[in-house]
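*Asks:* Sequence and computational prediction follow.
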Amino acid sequence: MSDFFRFQQFLVFHKNTPMKVGTDGVLLGAWAPLPENGKVLDIGTGCGLIALMIAQRCNLDIDAVEIHDGACLEAQSNFSDSPWAGRIRLFNDSVQNFAFGRIASYNLIVCNPPFYVNSLKPDTEGRTTARHAISLKHEELAKITSSLLKPGGKAALILPADAASQFITTCKQSGLMLNQLVHVKPTPEKPAKRALMLLGQKEVDEVVENEMVVEVGRHRYSDEYARLTRDFYLP
């Protein structure tokens with residue numbers, strides 16, 4: 001993305017890190033509906049972007065889990081240098097280990113999960129971990145998310161559009177029901193490439209479903225996307 005975030009000074013990107021700020025994380029961090037109180041969990045925090053965006057939007061405490069050592073060091077640096085360091089705790093571990101024996105503690109769980117299930121794998125170990133459902137299967141993610149949500153809690157995730165339907169079915173088998181779905185289109189003419197999902201433990205009478213367009217021209221964001229993310233861009 002060509003613009004700088006208000007907290008860009010806190011995001012330190014090392015030369016060999018496999019992580020970077022991307023539109024997926026920006027969308028999820030800006031869109032995820034926040035609870036009025038309680039705690040937030042960011043699963044697979046990477047460089048910490050989504051956790052930082054959530055911290056900027058509210059006064060809640062945030063736990064962030066990251067299995068990749070290099071990304072965890074990056075996130076720790078970003079968290080420590082941010083104005084919200086006192087509200088974000090970082091765990092360098094797999095979410096499976098993190099969740100083991102832990103009671104349901106979170107009012108909101110956010111995740112930009114691994115999503116290349118059957119495609120060719122990237123060259124580096126870090127990108128493989130980040131982008132493939134290897135260390136964290138979607139079935140595991142659904143079960144862990146369900147087990148860590150407090151009653152009434154919500155989970156907000158983003159996935160490729162062609163993986164959303166199967167993931168929604170997987171979540172339902174673990175007791176997570178789709179509440180809201182946003183089809184994210186890169187431009188007005190192109191089909192949706194991403195799906196923003198809000199899930200809860202109770203089935204709703206009607207799923208709120210709509211579309212969002214990111215760009216109306218090259219580097220020209222739509223009004224809706226601009227409104228959603230404006231608090232994170234430098235004036």
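*Replies:* Okay, I see it.

*Asks:* use CA for all of it now, contacts and neighbours both
*Replies:* OK.

*Asks:* Following element in sequence after the longest strand belonging to the chain, please.
*Replies:* Secondary structure of the chain per DSSP state E: the longest strand is strand 149-160. Per DSSP states H and E, the first helix or strand lying C-terminal to strand 149-160 is helix 161-173.

*Asks:* contacts for that next one?
*Replies:* Phe115, His138, Glu139, Ala142, Lys143, Met177, Leu178, His183, Ala192, Lys193, Arg194, Ala195 (Cα atoms under 8 Å, 6 or more residues apart in numbering).

*Asks:* Tell me which residues of the longest strand of the chain come out buried.
*Replies:* Within strand 149-160, the residues that count as buried by 16 or more other Cα atoms under 10 Å are Leu149, Lys150, Gly153, Lys154, Ala155, Ala156, Leu157, Ile158, Leu159, Pro160.

*Asks:* ok so, going back, check the contacts of helix 161-173 for burial and list the buried ones.
*Replies:* Using 16+ other Cα under 10 Å, the buried ones in the contacts of helix 161-173 are Phe115, His138, Glu139, Ala142, Lys143, Met177, Leu178, His183, Ala192, Arg194, Ala195.

*Asks:* low pLDDT regions in this protein?
*Replies:* 1-21, 114-135, 234-235 (pLDDT under 70).

*Asks:* if you go through it in chain order, where are the strands?
*Replies:* 39-43, 61-66, 88-92, 106-111, 149-160, 177-185, 194-200, 208-213, 215-217, 220-221.

*Asks:* can you redo the ones you listed as CSV with distance to Thr229?
*Replies:* Conversion of the strands of the chain to CSV gives the following (distance: least, Cα to Cα, whole Å):
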stretch, distance to Thr229
strand 39-43, 19
strand 61-66, 20
strand 88-92, 21
strand 106-111, 17
strand 149-160, 16
strand 177-185, 14
strand 194-200, 15
strand 208-213, 13
strand 215-217, 13
strand 220-221, 10
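
*Asks:* Determine the angle, from 0 to 180 degrees, between the longest strand of the chain and strand 106-111.
*Replies:* Strand 149-160 runs at 20 degrees relative to strand 106-111, counting by axes from the mean of the first three to the mean of the last three Cα atoms, to 10 degrees.

*Asks:* Within the sheet, what are the partner strands of strand 149-160, with directions?
*Replies:* strand 106-111 (parallel), strand 194-200 (antiparallel) (DSSP bridges).

*Asks:* Give me the contacts around the shortest one.
*Replies:* It refers to strand 106-111. Contact with strand 106-111 is made by 28, 32, 34-35, 37-45, 145, 148-158, as judged by Cα under 8 Å, 6+ apart.

*Asks:* what does the longest strand of the chain contact?
*Replies:* With Cα under 8 Å, 6+ apart as the criterion, strand 149-160 contacts 24, 28, 32-33, 104-113, 115, 145, 193-202.

*Asks:* List buried residues within the residues you listed.
*Replies:* Judged by 16+ other Cα under 10 Å, buried ones among the contacts of strand 149-160: 24, 28, 32, 104-113, 115, 145, 194-201.
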